[in-house]
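*Asks:* sequence plus the predicted model coming up.
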Amino acid sequence: MLVLASRSPRRSEILRAAGIRFTVRPADIAEAPRPGETPDAYVRRLAEEKADVAGIHDGEIVLGADTVVVVDQHILEKPADPSDAARMLRVLSGREHFVLTGVCLRGPEKKRVDTVSTSVRFAPLSEDEIAEYVASGEPMDKAGAYAIQGLACRFVERIEGDYFNVVGLPISLIYRRLREIGELPGAGRL
C-alpha cells in the first residue's frame with residue numbers, strides 16, 4: 001500500500017487521477033533551507049525527511065515530496081502574506097523560473113530519492129493583474145505564489161517538462177518508480 005506523507009489536496013488529486021491507490025499519513029516537519037543548501041538538495045532532503053517522519057509499517061511504501069519555485073537559485077516557497085505573494089509574482093513576471101520537486105519513495109529496506117525540474121515562463125504581469133490575482137486568495141498556499149492549474153494559467157507563456165510537477169507531484173516519475181519496485185504491476189520490491 002502506498003502512503004502519501006502529505007496533506008496536499010493537489011497531490012491526492014493527482015494520485016487519484018492516475019488510478020493509484022493510497023492512504024494519507026501527513027508528516028509535519030520544519031521547512032527551511034540550511035545555510036548554503038542548493039534548491040535541489042533542499043527539496044530532496046525535505047522529501048526524504050517527510051517519508052521518514054511518516055513512518056513505515058509492513059507492506060507499505062511511503063511517498064514524501066516537496067515542491068519549490070526557483071528563480072536565479074533563489075527559493076520561493078509559500079507566501080507569508082498577500083504582500084509577499086505580490087512580491088513573488090513581481091519576481092516571476094516576464095521571466096523563466098524552475099519548479100523543483102523532490103520525491104522520496106521509502107520501502108522497508110531502501111529509499112529512492114529523485115528530483116524533477118520543470119521550466120515555466122510567465123508573461124509580463126501588470127500591477128493590476130498581480131493585485132487581482134492576490135485578491136483571489138489562490139496564491140496563498142502555493143509555492144511561488146501561483147497555481148498553474150488555477151487562475152494563474154493565464155500567465156503561463158511556456159512550460160518545458162512535467163506539467164504535474166508544477167502542480168506538485170511528478171506523477172509519471174512516481175508511476176514508473178512504483179512499477180519498478182513492484183507496488184504496481186511489474187517487478188521488484190523496494
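*Replies:* That came through fine. Residues are numbered from 1 along each chain as shown.
*Asks:* could you pick out the longest helix of this structure?
*Replies:* Longest helix in the chain by number of residues (criterion: DSSP state H): helix 39-54.
*Asks:* list of residues touching that one?
*Replies:* Outside of helix 39-54, the residues within contact range by CB atoms under 8 Å, 6 or more residues apart in numbering are 3, 5-6, 25-29, 31, 33-34, 37, 62-68, 70, 73, 75, 98, 100-106, 111, 113, 115, 117. Yep, even glycine has a C-beta here, placed from its N, CA and C like the rest.
*Asks:* how distant is it from the center of its chain?
*Replies:* 11 Å (CA atoms, centre = their mean, to the nearest Å).
*Asks:* following element in sequence after it, please.
*Replies:* Downstream of helix 39-54, the next assigned helix or strand under DSSP states H and E is strand 61-71.
*Asks:* can I get that following strand in CSV? Just the C-alpha atoms.
*Replies:* Presented in CSV, the C-alpha positions along strand 61-71 are these (Å, rounded to 0.1, in the frame of the first residue of the first chain):
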residue,chain,number,x,y,z
ILE,A,61,5.8,2.2,0.5
VAL,A,62,5.9,5.8,1.8
LEU,A,63,5.9,8.8,-0.6
GLY,A,64,7.4,12.1,0.6
ALA,A,65,7.5,15.1,-1.7
ASP,A,66,8.4,18.8,-1.6
THR,A,67,8.0,21.4,-4.3
VAL,A,68,9.6,24.9,-4.6
VAL,A,69,9.8,27.6,-7.2
VAL,A,70,13.4,28.7,-8.0
VAL,A,71,14.5,32.0,-9.7
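*Asks:* can you pull out the strands in the chain?
*Replies:* Taking DSSP state E as the test, the strands found in the chain are 2-4, 22-24, 61-71, 74-76, 96-106, 111-122, 156-160.
*Asks:* and the second one, which strands flank it?
*Replies:* Taking DSSP bridges as the criterion, strand 22-24 pairs within the sheet with strand 2-4 (parallel).
*Asks:* from the middle of its chain, how far away would the partner strand be?
*Replies:* 15 Å.
*Asks:* which residues sit against that strand?
*Replies:* Defining contact as CB under 8 Å, 6+ apart, one finds that strand 2-4 is touched by 11-12, 15, 20-25, 54, 56, 60-63, 178, 183.
*Asks:* now for Thr38: which residues touch it?
*Replies:* Thr38 neighbours (CB under 8 Å, 6+ apart): Gln73.
*Asks:* swap the cut-off to 10 Å and go again
*Replies:* Residues in contact with Thr38 (CB atoms under 10 Å, 6 or more residues apart in numbering) are Arg44, Val70, Gln73, Ile75, Leu100.
*Asks:* try Tyr146
*Replies:* Taking CB under 10 Å, 6+ apart, we find Tyr146 in contact with 69, 76, 79, 85, 88-89, 92, 97, 99, 120, 122, 133, 138-139, 152-153, 155-156, 166.
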